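A.B. asks: Next one to model:
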Amino acid sequence: MYIIAGLGNPGDDYKYTRHNMGFLTIDKIAERLNIRVNKIKFKGLVGDGSYAGEKILLIKPQTYMNKSGESIRDVVNFYKIDPQNLIVLVDDIDIDFAQVKIKRKGSAGTHNGLKSVIYQLISDDFPRVKIGVGKKHQGQDLANFVLSGFSKSEKVEIEEAIEKAADATLEIIERGVESAMNKYNGK
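C.D. replies: Residues are numbered from 1 along each chain as shown. As a prediction, this is how the structure comes out:
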């Protein structure tokens, strides 16, 4: 079994912001696999299905970004899964815009949502699929930047990145994290 957790903030005000790449990627995966992510459980919106012979659970924590770990901890503990079978989808300001990067494990860097997940799981040993959302302008508040939307020219690239992140997530399930890293990192 795999749990795929997309990080983001609930509500229409945040729907298409830089910080909601995880939610948008969950939506893309759900669309492809015909999974409805509409049940309220584990402090999140969940939907389940299967892919490549594996049961999967998609979750969009509704705790707001900085407390995402609470929701993810609840679902991981309920299903008693190994953290390596948790895939976290997240935005990243430290990689190039619209680039996708898969990491097997590691620190949260500057990302408060990942910090919350690591803190709640007491582990950083889970794969994550990151989407680059660009860098803030000098003097710009980081919170304002990640809660901002995309320009018209950025939207095309970010849509392609969301597709690629969905592909990479499914690759992890089908062929493993190493295969996904080789196929998608640096492309």
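A.B. asks: Okay, helices next: where are they in this protein?
C.D. replies: Using DSSP state H, the helices of the chain run over 21-33, 68-79, 112-121, 142-146, 152-175, 177-184.
A.B. asks: Relative to Phe145, how far out is the residue sitting furthest away from the middle of the chain?
C.D. replies: For the chain, the residue at maximal distance from the C-alpha centroid (Cα atoms, centre = their mean) is Gly139, at 27.3 Å. Relative to Phe145, Gly139 is positioned 11 Å away (Cβ to Cβ, to the nearest Å). For glycine as for every other residue, the C-beta is placed from the backbone atoms N, C-alpha and C.
A.B. asks: With Ile162 instead?
C.D. replies: Going from Ile162 to Phe145 by Cβ to Cβ gives 19 Å.
A.B. asks: quick one: which of those two has more around it?
C.D. replies: Each of Ile162 and Phe145 has its neighbours counted (other Cβ atoms under 10 Å); Ile162 has more, 21 against 17.
A.B. asks: Roughly how far does the residue farthest from the centre of the chain sit from Val76?
C.D. replies: For Gly139, the distance to Val76 - Cβ to Cβ - is 39 Å.
A.B. asks: again, but for Tyr119
C.D. replies: 13 Å.
A.B. asks: just Thr25 next, same as before
C.D. replies: Relative to Val76, Thr25 is positioned 19 Å away (Cβ to Cβ).
A.B. asks: By mean pLDDT, flag the weakest helix or strand of the chain.
C.D. replies: Sorting the helices and strands of the chain by mean pLDDT, DSSP states H and E puts helix 142-146 at the bottom, at a mean of 86.
A.B. asks: buried residues in that one?
C.D. replies: Phe145, Val146 (16 or more other Cβ atoms under 10 Å).
A.B. asks: so how far is it off the chain centroid?
C.D. replies: Mean-position distance between helix 142-146 and its chain equals 18 Å (Cα atoms, centre = their mean, to the nearest Å).
A.B. asks: sorry, back to before: give me the more crowded residue out of Thr25 and Val76.
C.D. replies: Thr25 (29 against 24).
A.B. asks: who's the spatially most central residue of the chain bridged to?
C.D. replies: The centroid of the chain falls nearest to Leu89 when counting by Cα atoms, centre = their mean (1.4 Å). Beta-bridge pairing of Leu89 under DSSP bridges involves Gly6, Val129.
A.B. asks: so what's the closest residue to Asp167 other than its chain neighbours up against?
C.D. replies: The shortest distance from Asp167 to any non-neighbouring residue, by Cβ to Cβ, 6 or more residues apart in numbering, is to Tyr184 (7.3 Å). Going by Cβ atoms under 8 Å, 6 or more residues apart in numbering, Tyr184 touches Val100, Lys101, Ile102, Lys164, Asp167, Ala168, Glu171.
A.B. asks: Do I have it right that Met21 meets Ile131?
C.D. replies: Yes. Counting by Cβ atoms under 8 Å, Met21 does reach Ile131; the two are 4.3 Å apart.
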